[in-house]
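Participant: The sequence and its predicted three-dimensional model are supplied below.
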Amino acid sequence: MATTETISNAAPAARSAGMPTLHKAIFAVLLLVLVALPFLVYPVFAMKVMCFALFAAAFNLLLGFGGLLSFGHAAYFGGASYVAAHAAKVWGFTPELAVLTGTAAAAVLGLAIGFLAIRRQGIYFAMVTLAFAQMVFFFALQAEFTGGEDGIQSVPRGDLFGLISLQNNLVLYFFVLAITFGGILLIYRIIHSPFGQVLKAIRENEPRAVSLGYHVNRYKLMVFVLSATLAGLAGATKSQVFQLASLTDVHWSMSGEVVLMTLLGGMGTIFGPLVGATVIVTMQNYLATLGAWVTIIQGIIFVISVLLFREGIVGVISRWLRRPL
Amino acid sequence: MIRRLAIGTAAIAAIAGPGFAQDAMDVTLGVLNDRSGTYADLSGEGSVIAARMAVEDFGAEEKGLNVEILSADHQNKPDVGSNIARQWYDQEGVDAILDVPTSSVALAVADITAQNNGVFLNSGAGSTELTRGQCQPTTVHWTYDTAALAKGTGQAVTQAGGDQWFFLTADYAFGHSLEENTARVVEEAGGEVVSTVRHPFPATDFSSFLLQAQGSGANVIGLANAGGDTVNAIKQASEFGITQSGISLAALLMFISDVHALGTETAQGLQLTEAFYWDQNDETREWSARFEEQHGAKPTMVHAGVYSATMHYLRAVEATGSTEGEEVVAQMKQTEFDDPLFGEGHVRADGRVIHDMYLFEVKSPDASEGEWDLYEQRAVIPGEEAFLPMIDECDFSQQAG
């Protein structure tokens, strides 16, 4: 009962008023912060945070709103980063074309894997996605063009649209900002569209959604492909930032890391994955000098978050404010 | 105090040296390696200690160099490593990056170093690409590379009578190239490759492969793999009594820290190539004892390489009075070094450091007199033979001139 009420309440609200004022304000503040950020912290680090934020947000689209736990998102993230790196280095594509090629590759991969994976549910779904991601990993390890364990190195930072050089970190930063901010707004739009409402209905009660006449599998596949595509967008962008694509990006631990980011930030919230990604990446970066402590601290934080605030950081704030964030 | 010293050294420098140091010159070194994962024992904190010892032994302070050492964990991830490297060059004023095991990270750092005109003193990574396909005028590759290990082990073992080889190869690019390099050396030395088996990466169960090896008629099993795979294969070979049955094991990428972890009981009879062993002569023993005092373990060849590289780098900085990457590296290539740890050697025009390599055999528990008394030296591979010849594209001496 409760779920149908929220759906029927939320849908007209979203349609009539557009974005709620609170969300508008948060996005505006976020944009301001992001514009000022490269002057405050190291731009390459900020770009990394943004790439992972988009990755986590894409993953959250599937887990938080589609209710599908994928353990293989590294395949799309890393797969796209390999394709984008290869396109920029070997085929000489301009950065925006390389990113698009990588993203398209992730979409195709997502369609193929999603088509098979959504036939199973729960833990079986997770295992199927993990198995396919491992296949992608071994492909990356063995294939000629991926360079094995060396990865694809020294990818050129080309000229945007063939005109603007991305050699300068600041210029590149705004290129990345445009991509990730656009990606996140797109995710927001998807969640608040009628399509997103149906997704939530399927997540809450699949048999009921079926009985209402929705083709549940079609919706699931669509959200799977969207999530894979956006994860690919993040991965492709990252390969342009770091000028490399490597096995780290397709390794299963990357799939685990994005789950951690999403859960820590707040699953099923809009801003949660961004917060989660920021926290994790910042920790990895600034605690790098502490050596082995990074993974230990990361583990402790995860345990604390599971024990004390299961809704994640933003989930808890959202409960205090009594508003969806 | 520091200022007074600086003025003193400046006066001396003005009379004696080519440097025109008016004040203490700041040099910042960054030790970037694995401090939490598989390579933490062979590089890790030990490399930081080795670099610090080099700075002290060089007498940097007295010579007017104000050296600071930073360190960070790249977690064996190229993106983490390249982020740190960029940040070090752009924001922390780092002049040289040291160590960097894991070839994917090392190649990324080599690239960034060239862009920023820093110096990359590699000791931890083994990829030959660093001085071949992806060579840079600012890269100096110390200690070892996979080709030198293949050459040392392949040639010396074959000449010592181990001429029927069976390769146990990790099934990915690194394993393939290690196998290929070694097989070539073995055949040149008059040996024969009896059979080859590829195992998945990573693998835990080697029993069927080892039985295959036993039945193949080979007298040497070449382990063309690394890290946990090598350790597992050696453990299982010991359980199967392979070495007792007259077949020797040759590890193509292994470090003293791995042998120490395995113990002589398991690893006895294993043959491997290294660039440095603590118990070679009085100088290595003295240095290693000082190292052990601070670190609690004997140095690996990677640690020794970091020390030696830092020394040679600081000499070049002192001579040129500059920290500009290409200039310092050119100076490093011009002067030969005679090192307490590596002996005589020089930096070739492509950045490859040429020094002798050694074939060791792991002692049996009876012959070993202490926890670290692990190796018996079997052969010396002269530097000129050990490393691959230079390729023309990487001959920076001509491009610079």
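Facilitator: Yep, that arrived. Since the model is a prediction, treat every value here as computed from it, not as a measurement.
Participant: where in the chain is pLDDT low?
Facilitator: In the absence of a named chain, this looks at chain A. Scanning chain A for pLDDT under 70 picks out A:1-18, A:288-289, A:291-292.
Participant: my question was about chain B
Facilitator: B:1-23, B:399-401.
Participant: which residue ranges form the strands in chain A?
Facilitator: For chain A, applying DSSP state E gives strands covering A:159-160, A:164-165.
Participant: Relative to chain B, which of those is closest?
Facilitator: strand A:164-165 (13.7 Å; CB to the nearest CB). Where you see a C-beta, it was placed from the backbone N, CA and C, and this is true even at glycine.
Participant: Skipping its backbone neighbours, what lies nearest residue A:295 in space?
Facilitator: Nearest residue to residue A:295 in three dimensions, chain neighbours excluded: residue B:36, at 6.2 Å (CB to CB, 6 or more residues apart in numbering or on different chains).
Participant: do the same with residue A:243
Facilitator: residue A:155 (4.4 Å).
Participant: That neighbour: what's it in contact with?
Facilitator: Contacts for residue A:155 (CB atoms under 8 Å, 6 or more residues apart in numbering or on different chains) come out as A:85, A:88, A:89, A:239, A:240, A:243, A:244, A:245.
Participant: ok, and the most crowded of the residues you listed?
Facilitator: Neighbour counts for those (other CB atoms under 10 Å in any protein chain shown) peak at residue A:245, which has 35 neighbours.
Participant: how about the nearest residue to that residue, chain neighbours excluded?
Facilitator: residue A:85 (3.8 Å).
Participant: Closest to the centroid, which residue in the chain?
Facilitator: Just so you know, I chose chain A. Nearest to the mean C-alpha position of chain A, by CA atoms, centre = their mean, lies residue A:55 at 1.9 Å.
Participant: hm, I was asking about chain B
Facilitator: Mean-position check on chain B, CA atoms, centre = their mean. Result residue B:143 at 3.5 Å.
Participant: That one in helix, strand or coil?
Facilitator: coil (DSSP: H, G, I helix; E, B strand; the rest coil).
Participant: pretty sure it contacts residue B:130?
Facilitator: No: contact criterion CB atoms under 8 Å: residue B:143 and residue B:130 do not qualify, at 11.4 Å.
Participant: where do the contact lists of those two overlap?
Facilitator: residue B:122.
Participant: re the thing from before, what's near enough to touch the residue nearest to residue A:245?
Facilitator: Per CB under 8 Å, 6+ apart, neighbours of residue A:85: A:98, A:102, A:152, A:155, A:239, A:243, A:244, A:245.
Participant: can you tell me how far it sits from residue A:91?
Facilitator: Using CB to CB, to the nearest Å, residue A:85 is found at 11 Å from residue A:91.
Participant: can you count the residues close to the residue in the stretch 251-400 of chain B that chain A sits nearest to?
Facilitator: Using CB to the nearest CB, the single residue of the stretch 251-400 of chain B nearest to chain A is residue B:253, 12.5 Å away. For residue B:253, the number of neighbouring residues by other CB under 10 Å comes to 24.
Participant: Helix, strand, or coil at it?
Facilitator: Strictly by three-state DSSP, residue B:253 counts as coil.
Participant: Help me confirm that it comes into contact with residue B:126.
Facilitator: Yes: Residue B:253 sits in contact with residue B:126 when judged by CB under 8 Å, with a separation of 6.6 Å.
Participant: Now the common contact residues for those two.
Facilitator: Common neighbours of residue B:253 and residue B:126, counting by CB under 8 Å, 6+ apart, are B:146, B:149.
Participant: which stretches of the stretch 201-350 of chain B form strands?
Facilitator: B:220-224, B:248-251, B:271-274, B:337-339, B:343-347 (DSSP state E, counting those that start in this stretch).
Participant: now, of those strands, which is deepest in the fold?
Facilitator: When those are scored by mean count of other CB atoms under 10 Å in any protein chain shown, the highest mean neighbour count falls to strand B:220-224 (a mean of 28).
Participant: What's the local residue count around residue A:303?
Facilitator: The local packing of residue A:303 (other CB under 10 Å) involves 10 other residues.
Participant: What distance do you get for it to residue A:89?
Facilitator: In terms of CB to CB, residue A:303 sits 41 Å off from residue A:89.
Participant: Kindly report the same for residue A:297.
Facilitator: Distance from residue A:297 to residue A:89, counting by CB to CB: 36 Å.
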